[in-house]
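A.B. asks: Could you look at this predicted model? Sequence included:
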Amino acid sequence: MHKRLNLYRLGNKLRDMREKAEMTQKQAAEVNGVSEVSINSWEHGKKEPRLSHLVSLRDCYDARTGSKTTIDDLL
């Protein structure tokens, strides 16, 4: 059975990771080639990011914090 994606929970994790990386939404958007509106929508659970964007964000935040987050940790 597939696990239903909880966008609110995912958004909270993305925001927490960004804040630990000491980045603004604008900085995260610029580094990852997306709009600030997209970052905001994902963090507030309004929209689901593509897997490629999740990987990009994870890699960006982990590089800045030295963490090793898996995609399963986010979902």
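C.D. replies: Received it, and whenever you're ready, just let me know what you need. Please read all numbers here as calculations on a predicted model, not as lab measurements. Residues are numbered from 1 along each chain as shown.
A.B. asks: what does stretch 57-67 contact?
C.D. replies: 14, 17-18, 20-23, 28, 31-32, 49, 68-69, 71, 74 (C-beta atoms under 8 Å, 6 or more residues apart in numbering). All C-beta atoms are positioned from the backbone trio N, CA, C, and that covers glycine.
A.B. asks: quick one: buried residues of it?
C.D. replies: By neighbour count on 16 or more other C-beta atoms under 10 Å, the buried set for stretch 57-67 is 57-58, 60-62.
A.B. asks: cool, stretch 8-16 as well?
C.D. replies: Those would be 10-11, 13-15, for stretch 8-16 by 16+ other C-beta under 10 Å.
A.B. asks: chain center to it, what's the gap?
C.D. replies: Chain-centre distance of stretch 8-16: 7 Å, with C-alpha atoms, centre = their mean, to the nearest Å.
A.B. asks: what's the helix or strand of the chain with the lowest mean pLDDT packed up against?
C.D. replies: Within the chain, no helix or strand scores below helix 71-74, which has a mean of 83 by mean pLDDT, DSSP states H and E. Using 3 or more C-beta pairs under 8 Å, 6 or more residues apart in numbering; DSSP states H and E as the contact test, the elements touching helix 71-74 are helix 7-20, helix 51-65.
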